[in-house]
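Colleague: With the sequence up front, the predicted model follows.
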Amino acid sequence: MIAPINKAHIKSGVFSDYYCPIYGLGALWLVFLIEWPIKSWWWYALLVLVGVAVLEYTAGYLLELIFKKRWWDYRRQSKYNLRGYIAAENLLAFTILALIFRYVYEIFGGGLKNLVLENQALAGLIVGVGIGIFFNDLLRKISELGKTKKK
């Protein structure tokens with residue numbers, strides 16, 4: 001979220017491209033929350049905010065612990081950050097996007113959900129493409145790491 005504001009192209013993904021599996025987990029959290037019978041938009045926003053903060057902080061901490069490298073660091077870009085793992089501006093932006101997502105889902109979501117659930121071929125295609133992108137990127141990163149170690 002910080003990169004577009006600063007007009008910089010930052011590959012902060014764990015793999016080769018610009019995305020990171022944390023985004024998919026965040027999206028699953030939103031879908032999970034949509035299915036809960038939460039009537040209040042305020043409670044929904046609070047649960048999104050807390051869930052995204054916990055997810056991003058935990059992922060940043062564990063990635064640094066496992067790989068001995070920081071995958072993202074908000075300390076220079078945001079004065080409202082927690083050890084560089086999460087930034088208040090990002091949490092606010094993700095929460096606003098989640099509220100928009102919920103609004104759009106309430107208008108169109110039921111039909112889209114039924115379309116995917118009733119059409120197993122479409123669901124399989126969506127899952128297959130996602131898995132294909134993930135493993136393609138993973139293999140590219142492994143190959144890239146292998147070339148780096150040979151030097």
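Modeller: Sure, I can see it.
Colleague: What ranges does the protein have for its helices?
Modeller: Ranges of helices within the chain are 2-6, 21-35, 41-67, 88-104, 110-118, 120-150, based on DSSP state H.
Colleague: just for this protein, where's the confidence low?
Modeller: 1-24, 109-117, 145-146, 148-151 (pLDDT under 70).
Colleague: okay, the helices of the chain in TSV with mean neighbour count and distance to Tyr74 next?
Modeller: C-beta: built from backbone N, CA, C; applies to glycine. What follows is the helices of the chain, written out as TSV (neighbours: other Cβ atoms under 10 Å; distance: least, Cβ to Cβ, whole Å):
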stretch	mean neighbour count	distance to Tyr74
helix 2-6	13	7
helix 21-35	15	14
helix 41-67	15	9
helix 88-104	16	7
helix 110-118	11	33
helix 120-150	11	23
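Colleague: Export those as TSV, with columns for distance to Arg76.
Modeller: Conversion of the helices of the chain to TSV gives the following (distance: least, Cβ to Cβ, whole Å):
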stretch	distance to Arg76
helix 2-6	9
helix 21-35	20
helix 41-67	15
helix 88-104	13
helix 110-118	40
helix 120-150	25
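Colleague: quick one: which of the ones you listed is nearest Tyr80?
Modeller: Checking those against Tyr80 by Cβ to Cβ gives helix 88-104 as the closest, at 3.6 Å.
Colleague: ok, back up a step: Leu82: which of the helices of the chain is closest?
Modeller: Taking these one by one with Cβ to Cβ, helix 41-67 is closest: 6.4 Å.
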